[in-house]
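Quick one: sequence plus predicted model below, questions after.
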Amino acid sequence: MNDVPTTQSAHSPPVSDDSRTNTAAALLRAMRPRQWTKNVLVAAVPLASGHLFDLDVLLPTLGAFVAFCLAASATYLINDTVDVESDRAHPTKRHRPIASGDLSPTVAVVAAIVLFVAAVGLGTVIAPGLGAVVAAYILVTLAYSLRLKHEPVIELVFVSLGFLLRAIAGGVASGIPISSWFLIVAGFGSLFMATGKRSSELDIMMDSESDRSSTRKVLARYSPTYLRFVWGLAATVTVTAYCLWAFEVAEVASSVPWAEISIVPFVMAILRYAVDIDSHSAGAPDEVVLTDRVLLGLGALWVVTFALGAWGI
């Protein structure tokens, strides 16, 4: 009598519930939910308009946030699959699910495709223009992950473009016109943070006397003085454009010049983040923003003062 169950191969062990749970947990970690905070940028245009909490603006903005979370997680999966060997040589990235072997590259790629389709589909349902912006974000991030991340300057621009598309998405989803000054602030602010990240990574590699190309090839083509010049230039343009944008927002009738006042915490936040860059601790911008209490406080103060100005209170 054949003792092998007819519903299972005689040569393959059953897939346990623990195995499925471990794979699901590893997939969730690889999607980097902590970095979804970057997608809050989609609310910037609705916030500046003073209509963020109008139901017909809030709902599509939340939808845009979800769409970008799905798209961003998909790109993280693709990026980690492509970088699996270099990540294994990195002191911290080697613990990522794909690099550590907790998540199969095949599972990661399949999940990424599903997330890409879901992100574009959701964006298109909310607004056809949003679907196009999400698709553009996906193309930009894939081009970065598969080739352009090894090209100096170009890779910085593409990282910044990813943040800029998030900001544009909020206006497209809600149908709110986007200020030119805001686009400059978002673009150069993103360049400031991206260059700060590279600067911190390069400084850490040099301090540890590691091979600069062993964990991120493009670092071998940068120098500390060049990156310092770029993030200093980006910070200057960001602050200048923000001041002009704040005065534009201030045209809304208000009993207190909140928009102009918001310049103070904004500039202080830029200067505080520059301290983090200079101390080599800005290699993970999301962690800096979430762990630097002074920066968090300045950010909260800026949001409040700017919102009051945008709402004309």
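Cool, got the structure. Numbering: from 1, shown residues only.

How much space separates Leu271 from Leu295?
10 Å (C-beta to C-beta, to the nearest Å). Just so you know, the C-beta spots here come from the backbone N, C-alpha and C atoms, and that holds for glycine as well.

List the contacts of the residue positioned nearest the centre of the chain.
The centroid of the chain falls nearest to Lys38 when counting by C-alpha atoms, centre = their mean (4.2 Å). Lys38 makes contacts with 72, 163, 166, 286, as judged by C-beta atoms under 8 Å, 6 or more residues apart in numbering.

Now do the helix or strand harbouring the third one: which elements does it pack against?
Spelled out, it's Arg166. Counting by DSSP states H and E, the element that carries Arg166 is helix 154-174. Helices and strands touching helix 154-174, by 3 or more C-beta pairs under 8 Å, 6 or more residues apart in numbering; DSSP states H and E, are helix 44-49, helix 55-82, helix 105-126, helix 128-146, helix 180-207.

ok, back up a step: quick one: which of Leu271 and Leu295 has more around it?
When Leu271 and Leu295 are compared for neighbours, Leu295 comes out ahead with 19 against 12, by other C-beta atoms under 10 Å.

The more buried one is in contact with Ala269, isn't it?
Yes - shown here, Leu295 and Ala269 form a contact pair, counting by C-beta atoms under 8 Å, at 6.1 Å.

one step back: and the residue nearest to the centre of the chain, what's its pLDDT?
pLDDT, Lys38: 87.

Same question for Ser16.
At Ser16, the pLDDT value in this model is 56.

one step back: please report phi then psi for the residue nearest to the centre of the chain.
Dihedral pair for Lys38: phi -60, psi -30, per degrees, to the nearest 10.

ok so, going back, chain center to the helix holding Arg166: distance?
Computed by C-alpha atoms, centre = their mean, to the nearest Å, the chain-centroid distance of helix 154-174 equals 9 Å.

CA atoms of it as CSV?
Output in CSV follows, covering the C-alpha atoms of helix 154-174 (Å, rounded to 0.1, in the frame of the first residue of the first chain):
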residue,chain,number,x,y,z
ILE,A,154,23.2,61.8,-12.4
GLU,A,155,22.4,59.5,-9.5
LEU,A,156,21.9,62.5,-7.1
VAL,A,157,19.5,64.1,-9.6
PHE,A,158,17.5,60.9,-9.9
VAL,A,159,17.2,60.4,-6.2
SER,A,160,16.1,64.0,-5.9
LEU,A,161,13.6,63.5,-8.8
GLY,A,162,12.0,60.7,-6.8
PHE,A,163,11.1,63.1,-4.0
LEU,A,164,10.0,65.8,-6.4
LEU,A,165,7.6,63.4,-8.1
ARG,A,166,6.1,62.7,-4.7
ALA,A,167,5.5,66.4,-4.1
ILE,A,168,4.0,66.8,-7.6
ALA,A,169,1.7,63.8,-7.0
GLY,A,170,-0.1,65.6,-4.2
GLY,A,171,-1.1,68.5,-6.4
VAL,A,172,-2.1,66.2,-9.3
ALA,A,173,-4.2,63.9,-7.1
SER,A,174,-6.1,66.8,-5.5
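
Okay, buried residues for it please.
155-174 (16 or more other C-beta atoms under 10 Å).

what do you get for stretch 32-42?
Neighbour counts over stretch 32-42 (16+ other C-beta under 10 Å) mark 32, 35-36, 38-39, 41-42 as buried.

what's the answer for stretch 265-279, then?
265-270, 272-274, 276-277.
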